[in-house]
Each structure stands twice: as C-alpha cells, then as structure tokens.
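Chemist: Need a 3D model of the following:
(chains A and B)
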Amino acid sequence: MSTLRDNWRVIFLVVAILLSTFALFSPTMGAQSASEADSATNLQFGLQLDGGTRIRAPLVGVTAEDVEFEGDSERVVERQVAAQIAGADAADVIARTGAESNTVEVTIENVTTDDLSAALDAAGYGHGEVRDGVTATTREETVRVLQSKINEAGLSGGTVQQVTTATSEHFILVEVPNRDQSDVVDLVGERGTVQIDIYHPTGTDNGSRVYETREAVLTQADFTSIGTAQESQTGSGAFVPVSVRDEPASEFQTAVQDTGLAQPGGTRCTYMEDGGENTTEGCLLLVVNGDVVNAFGMSGGLADTMRAGEWADAPSFQLQTRNTSEAQDIAINLRAGALPARLDLSGEDSGTSSYISPSQGESFKFDSLITGIIAVLAVAGVVFIRYGKPQVALPMIVTGLSEVYILLGFAAAIGYPLDLSVIAGFIAVIGTGVDDLIIIADEVMAEGSVTSRKVFQSRFRRAFWVIGAAAATTIIAMSPLAVLSLGDLQGFAIFTILGVIVGVLVTRPAYGDILRLLLTEDR
Amino acid sequence: MVEFTVPEVDYTRYTNRQLAAVPLAVLAVALLVIGGWYVATGAPVNPGVDFTGGTELRIATDAPQSEVTAAFDSQPESIRSVAADGTYVVTFQSGSATSSELQTQAEDAGFEVRSIDAVSANFGGETQLLALGGLAVAFAGMSVLVFAMFRSFVPSIAVVLSAFSDIVIPVALMNLFGIELSLGTVAALLMLIGYSVDSDILLNNHVLRRSGDFYESTARAMRTGVTMTLTSIAAMIVMTITATLFGIQLLAAIGTVLVFGLTADLMNTYMLNVTLLRWYKFEGVAR
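Modeler: Alright, predicted model coming up:
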C-alpha cells in the first residue's frame, strides 16, 4: 500500500495517459460523423490541416437607432425610406420594431450613415444615432440563412458563426471543409434574392415602344412548396416548380391583368434576344441578386385562367431558367431564403478569406509532425549529452512527450480542431516542459547523490517553487490571447496554457517521483 | 558518452560596470535600430500580410519563377520558392487584386492553387492592434507577477529589464534580417516572455532564497539555466531548419525569433541580471 501512496503522482500520470488514449482511440468518444469515422483517431483537424475554405467578413449595412415610425407599419417605413435612397428598393431596407428601440437598416453598398440620416429626415421619421453595421437580429438571421444555404447546397461539415473582435466589431465566420474558395464565395457572397418583375409596354413614343417595369410582384417569401429543379421536357432550359401563397397569388393575378400580360392568347417574350428589350411583348422577368437571369411570356392557356380569376385557386408556377445549374441555384436560394445583408468580401473594410487545398493540408499535417519529432530528438540529444545518465534523460523525454499526448487526448475529447497554431502551442509546451524537468533534475541531484527520501522531498519542493513561478508567468502572458475570440493565435495560447497546467499538476511532479525511484537507494 | 559541462564563469574578475556594459550597449543599439526603423518607415518593425492586408498564394508548378511572376496581372510583392514540395509562395499587396481574380489567373496559367490567404487592410490593422495589445498586456501581467513574487525592487526590475531586452533584441534583429512581423513572430515574442523569465526566476531564487555564497549560488543556477536555454536553442534551430525546408512559415518564424531571443536571454540573464543581483546583495542591501 505504501508504494501506492508514495507514487500517487506517477499513478496520476498513468491515469491521465490512459484517459487520453481512451479519448483518442475509443470509437465511442467524440461526435464523429460517419464520413470521418474511418480515421484512426478521434482527433479533429482544422481547415489548415484538412483543407477547406474559411471566410471571415463583416456585413454590409448602416443602421439608424431610435427611429420614430409615426404609427406606420414596418413595410410602409421600408418603402418610404427606400424611395429616398438612390439604388435601393424595399428589400434593401429593414425596419424593425424592438422592445427598446425601433431601427432602420439599409443593407446595400455605398450607402453612408449620412445618406440614411438624410433619407429618414426626408421621409419624415425622427431618429437617433446612425452608425455603420447592422443590428444583432440581422446578424443572427444572416447566420441562420447562411447555414441553411450551406446545408441546402450539400457542403457537408460547413459551419457559420458570429465572432466579435476586441474592438467589438462583428464578423461572420464561414468555414467549409474540402471546398475551394470560389465555390464558397459563389454561394455566400450574394444575398440570394429571387423575385419576379413584370416588364410591359405602356404605349408608343415616336413609333418605338415604351416599357415599364413593375418590380417585385412576387418575392422569395411569396413562394411555398419549392420543388426540385428539373429539365424542361420541351426544348432547352430547366425550371423550378413552385406554389404561390394565397394572398400574393391573387395580387399577382390582378397585376398580370393590369399590365396586359394576361391578354387573350398570352404573350411572346423576346426580352433575352438581341434588341428584344425594345420590341418584346410583356414579360415576366426572373431577377436573381438584382440581375435578370431569364424572361418568359405567358402561354395562352395560363393567360385564360388568369383572366378568369381561376389561377389563384391553385396557384402553381414554373420558374423557368436557361439551364439546370441556374435552376438549382434558384431552388437553393428559395429554400434557404435571402440574406438580410450581404457579406462584405472586397474592399478595405472586408475581412479575411483563406483556402487550403486538401493536399496542402495533408502535407502540412505530415510535415509538422516530422518537424515536431525532430525538435524533440534535438532536445533528447542535448539532454543525453548534458547528463550522460539514461535514467535521468530518458524519463525526461518520455515525460515531455506524455504532456503532448495528454493534450492531444484533451483536444480529441472536446473536439477542438488542430491547426498549425495549436501545433506551435505543443512545441511551446515541450520547450517549457523540458526546462522544468531540467530544473527538477539539477535540483534533485545537486550536492551528491540522493540517499534518502527526506532529502529528495525537500529538494523537490524547492525546485517546485521556481517551476510554479515560471508557470504562473507563462499563463499570465498567454491569457490575453486565449480569451479574445478573434485571432489565429487563440489556439496557440489555449494549448500553451493547458500544457503548462497539465505539466505543473500532472507530468512534472510525476517526473520527480520517477527520478526518486531511479536515484534513491533508500526505499 | 560525451558530456558537456557548463563552464563556470569567474565573476569576481569583472566589475559590475564592465559586466552590465555589454548587455546595456546591445539593448541601446537594438532600441536605436527600432527607433530608426520607426522614423524611416513609420513602424517599429515591418508588418507582414497578416497585419497590412494582402493576399498570399501558394501554388504548385514546375515553371520557373519568372513564369510565375508573368502569370499574374498585378506585380507580386514577393515570391519565395519552397524546395521541399515544389511550390511557390506569392504575396500580393492589399487592394491589387481580389483573391478570386488571383485564383483564376493562377489556374488559367496551369498552376495548382494549394492555398490562398487574403486579409483586408482594415482587418489587418485590427489584428495588429490585438497582437500588440496582447503583447503589452502579457508583459505588464508578467511584470506585476514578478514584483509580487520577489517583493523587492532590484531583483524584480532585473527580471523585467532582461525580459524586455529579450524581446527588443529579436525585434531589432528581425528588422536587420528582413523578417516581417506575423502572427507567428508575435507568438514567438509571447513565448519569449515565458522562456526568459524561467532562467531569471531560477537565478533570483538561487541567489536570494538559498543560503550560501553568492558566487556558488550563481554558478549552480547557471548550470541549470544554461542547460535549459541551450536545450531550447538546439530544438529551435532544428525546428527552424526543418520548417523552412518544408515551407511551414508559421513554425519557421517562431523558431527564428526564439533562437534570437534565447541567445539574447543567455547574455541578459548572466551579465545584466547577475550584475544587478550582485550590486543588490553586496551594496544595495547594505545601504
């Protein structure tokens, strides 16, 4: 029994190593998805080591706080404000009634706080401070929509979250494994708005037709039960079958009658042809992200049911596109919804983006492992040369490595993704660890051989004062970087601190015990 | 088996003035270099892509360097070739082209894009603030802790001063060797705070808290401390070389800065710190 009690530190180390082994290799541990289950360990790798794309960007927009809505509804406010801003329509303005204050946001580029302030004044709404950035609600909505877009597009493992910098700027962080940058930017870089405009002739002027566009007769929110994109049976192109909600359906029915689209025999649309814009009959325009992607007329049969007012009873509709991939994009956008604000991916104020190819990640993984092992061998070499005693040097190396092993187990247990910065943290841990072990070894072996346990204990305690003091300074030095949520040094700081804690509490005391077992004759 | 023993320095042969002069002179030169850099370039050290903003591409190709340069519409700020895996690391300044454009240009030229890192100027500025703020807070925290541990002015200031010098000297050397400030080098500077304090605390502890002759205590602390620092230097030199060959810039940058800093630490601990302690022990206490 007494050996057990005497060597509790070594036992503690062994238990910690066993726990790590369990966390690393047990198939029951770790929230592994089926696709990752084939890897040998439960370790999760970050994008730097596994390949993928990371985008960190702020949202485009300006916000006015404490806006007096003067009894107008949010929709009315949005329309009134949009009318005062060049290039904005109602979809670019978000009015929110909050518990504490009402806000108005404008989420298109190149609108300054002064512009919004002037627009609110012109529209007759009193307001408080106007600032850059969007509201917290808008950020949350954006995160939700982005996540569902990524899921809809089948980018498995993609995550979206909000991060806040030290100076309390807000960024949206998108991480998608195994995809290259342009795939991801294509998906998340646009707001993904889908709407139907009606383009129709209103008369003639000097023999040429004059046209008018009635915008947003149907928008994203008006569509329901979105089908899968499919190829047209007749001719080229593809379409997405959708239904339209009741209320907008009857409004749409009225609109196509008013604009003459539902004339007897329907309309033939030549909008997309060269010069067709000025000669076509009335068209329905399919507008995605503000660009017209397709235009189509109305068949005679459909026009008849519209005029008879029967269409709205079963309002199904086909969004026709020129090719299948366009149809797929539209289906994704309709299901996920439009982003309330766009990610700012270019310009001075934008964030960062990075892409690592899976092969580069794989070679980083292997190369950094080799680099680490070589660094450990260098340490081992110096230690052997310095002490000449394998019973001092060998446990030193083993203890140092077990620190990293325990940290790896910890990372696997909490599912922390390993990146290069975490590996740099491991190297820092080995460095400070071996320093401490040298202090212990020198202290214990000072002034001749250690003959009794009592002498050993007092020397060990003296050594520990220095180690504890050095550990405390390292923890203090790293903690600012560990708590700030932004910055690639966070993993480095967290694992250096963890390593120092594990080292001081578990591994380094155990090394002392191992040394005592090997050096003292009096047991 | 070859054994190396840490040589014992006969400190009695040198006066305090002689001993302290060298590290203080080096520190002064380092501060001059940094100051001069600040006057000349507007920054104490050249900030890298992480802080200024810009785009860094890593591409795999057999083509010669000139061909790589020609493939891009905008002039790269720098091109480095990584021999180990036949790739080039090409850096562009912020605002010269978007990362998607650069990706397209590289792919059009038939290069395989292995990685892209793009940082906007604004975000870089933010990161720089964070990194330097973190460094300052870390240093202040360390100083407070050291004063709390030793509770007397001279030994504490000796630790803080040599830690300061351990950070300033590598920064000056980074300027001279053309190493840019990156997240990796900031990490290394932070690690230096921890590493440099190790051996200083050890020395102070041996001299102040143990009975025995000053020179004997110093010699014992030195045996341990020099072993520690030499072990770290050896590991870092090896790591720097391997990481450079493999083109893992983060680890190479950390290694280089740590080698500079640990070498400076040897000098600072055993010339500056020892001198201050000796003065404190023989004259400061007596007064």
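Chemist: so what's the nearest residue to residue B:249 once chain neighbours are set aside up against?
Modeler: Leaving aside its sequence neighbours, residue B:249 sits nearest to residue B:184 (CB to CB, 6 or more residues apart in numbering or on different chains; 6.7 Å). C-beta coordinates here come from the backbone N, C-alpha and C atoms, glycine included. With contact set as CB atoms under 8 Å, 6 or more residues apart in numbering or on different chains, residue B:184 has these partners: A:424, B:249-254.
Chemist: As TSV, these with distance to residue A:394, neighbour count and secondary structure would be great.
Modeler: Shown next, in TSV, are those (distance: CB to CB, whole Å; neighbours: other CB atoms under 10 Å in any protein chain shown; DSSP: H, G, I helix; E, B strand; the rest coil):
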residue	distance to residue A:394	neighbour count	secondary structure
A:424	26	29	helix
B:249	34	19	helix
B:250	31	24	helix
B:251	26	29	helix
B:252	30	21	helix
B:253	32	26	helix
B:254	27	31	helix
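Chemist: Specify which member of the residues you listed is nearest to residue A:247.
Modeler: Distance to residue A:247 across those (CB to CB) is lowest for residue B:250, with 57.0 Å.
Chemist: State the phi and psi torsions of the residue nearest to residue B:249.
Modeler: Dihedral pair for residue B:184: phi -60, psi -40, per degrees, to the nearest 10.
Chemist: how about the helices in the stretch 101-250 of chain B?
Modeler: B:121-150, B:153-177, B:183-209, B:214-246, B:249-267 (DSSP state H, counting those that start in this stretch).
Chemist: Quick one: mean pLDDT for the second one?
Modeler: Mean per-residue pLDDT for helix B:153-177: 92.
Chemist: May I see the buried residues of it?
Modeler: The neighbour-count check on helix B:153-177 (16 or more other CB atoms under 10 Å in any protein chain shown) flags B:155-175 as buried.
Chemist: Low-confidence regions, the stretch 1-150 of chain B specifically.
Modeler: Counting by pLDDT under 70, the ranges of the stretch 1-150 of chain B that qualify are B:1-5, B:96.
Chemist: Tell me which stretches of it form strands.
Modeler: Assigned by DSSP state E, counting those that start in this stretch, the strands in the stretch 1-150 of chain B fall at B:54-60, B:78-82, B:87-93, B:112-119.
Chemist: Compare those and give me the one nearest residue A:62.
Modeler: Nearest of those to residue A:62, taken as CB to CB: strand B:112-119 at 24.0 Å.
Chemist: What helices and strands are in contact with the closest one?
Modeler: strand A:352-356, helix A:358-387, helix B:49-52, strand B:54-60, helix B:99-108 (3 or more CB pairs under 8 Å, 6 or more residues apart in numbering or on different chains; DSSP states H and E).
Chemist: who's the nearest residue to residue A:272 once chain neighbours are set aside bridged to?
Modeler: Once flanking residues are discounted, residue A:272 sits nearest to residue A:295: 5.3 Å by CB to CB, 6+ apart. Residue A:295 has these beta-bridge partners by DSSP bridges: residue A:285.
Chemist: gap between residue A:295 and chain B?
Modeler: Distance, residue A:295 to chain B, by CB to the nearest CB, to the nearest Å: 28 Å.
Chemist: now swap in residue A:190 and tell me
Modeler: For residue A:190, the distance to chain B - CB to the nearest CB - is 13 Å.
Chemist: Residue A:289 is in contact with that residue, correct?
Modeler: Yes - Residue A:190 is in contact with residue A:289 according to CB atoms under 8 Å; the separation is 4.5 Å.
Chemist: So for those two, which sits in the more crowded spot?
Modeler: Remark: of residue A:190 and residue A:289, residue A:190 carries more neighbours, 19 against 16, as counted by other CB atoms under 10 Å in any protein chain shown.
Chemist: residue closest to the middle of chain B?
Modeler: residue B:257 (3.2 Å; CA atoms, centre = their mean).
Chemist: buried stuff in the helix or strand hosting residue A:516?
Modeler: Assessed by DSSP states H and E, residue A:516 sits inside helix A:508-519. Within helix A:508-519, the residues scored as buried using 16+ other CB under 10 Å are A:508-516, A:519.
Chemist: and the residue lying closest to residue A:364 once chain neighbours are set aside, which of the three is it?
Modeler: Leaving aside its chain neighbours, residue A:364 sits nearest to residue A:49 (5.5 Å; criterion: CB to CB, 6+ apart). At residue A:49, secondary structure determined by DSSP: H, G, I helix; E, B strand; the rest coil is helix.
Chemist: Would you confirm that residue A:49 contacts residue A:366?
Modeler: No - in this structure residue A:49 lies outside contact range of residue A:366 using CB under 8 Å: 9.6 Å.
Chemist: Measure how the one helix or strand residue A:500 maps to sits relative to helix B:121-150, angle-wise.
Modeler: Secondary structure from DSSP H and E places residue A:500 in helix A:490-502. If you take axes from the mean of the first three to the mean of the last three CA atoms, to 10 degrees, helix A:490-502 sits at 20 degrees to helix B:121-150.
Chemist: helices and strands around helix A:490-502, which ones?
Modeler: Using 3+ CB pairs under 8 Å, 6+ apart, helix A:490-502 sits against helix A:390-414, helix A:420-445, helix A:453-483, helix B:183-209.
Chemist: can you list these in TSV and add distance to residue A:195 and mean pLDDT?
Modeler: Listed next are these as TSV, based on distance: least, CB to CB, whole Å; pLDDT from 0 to 100:
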stretch	distance to residue A:195	mean pLDDT
helix A:390-414	45	88
helix A:420-445	44	85
helix A:453-483	44	83
helix B:183-209	43	87
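Chemist: Out of the ones you listed, which gets nearest to residue A:18?
Modeler: Nearest of those (CB to CB): helix A:390-414, 9.3 Å.
Chemist: other SSEs contacting the closest one?
Modeler: Using 3+ CB pairs under 8 Å, 6+ apart, helix A:390-414 sits against helix A:8-25, helix A:358-387, helix A:420-445, helix A:490-502, helix A:508-519.
Chemist: Nearest to residue B:129 among the ones you listed would be which one?
Modeler: helix A:490-502 (15.5 Å).
Chemist: residues making contact with stretch B:143-150?
Modeler: In contact with stretch B:143-150 (CB under 8 Å, 6+ apart) are residues A:469, A:472-473, A:476, B:156, B:159-160, B:197, B:201, B:204, B:208.
Chemist: Report the buried members of those.
Modeler: Of these, these count as buried by 16+ other CB under 10 Å: A:469, A:472-473, A:476, B:156, B:159-160, B:197, B:201, B:204.
Chemist: Just put those in TSV and tack on distance to residue A:134.
Modeler: Formatted as TSV, the buried ones among the contacts of stretch B:143-150 follow (distance: CB to CB, whole Å):
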residue	distance to residue A:134
A:469	47
A:472	42
A:473	42
A:476	37
B:156	49
B:159	48
B:160	45
B:197	44
B:201	49
B:204	53
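Chemist: Show me which pair in these is furthest apart.
Modeler: Top of the distance list for the buried ones among the contacts of stretch B:143-150 (CB to CB): A:476 and B:204, 17.2 Å.
Chemist: Beta-bridge partners for the residue lying closest to residue A:259 once chain neighbours are set aside, please?
Modeler: Counting by CB to CB, 6+ apart, residue A:259 lies nearest to residue A:200, which is 4.2 Å off, once chain neighbours are set aside. Bridge pairing for residue A:200 (DSSP bridges) gives the partners residue A:212.
Chemist: The closest residue to residue A:288 other than its chain neighbours: neighbouring residues, count only.
Modeler: Using CB to CB, 6+ apart and skipping residues adjacent in sequence, the residue nearest residue A:288 is residue A:194, 5.4 Å away. Neighbourhood size, residue A:194 [other CB under 10 Å]: 26.
Chemist: Could you do residue A:54 as well?
Modeler: The burial count for residue A:54: 23, using other CB under 10 Å.
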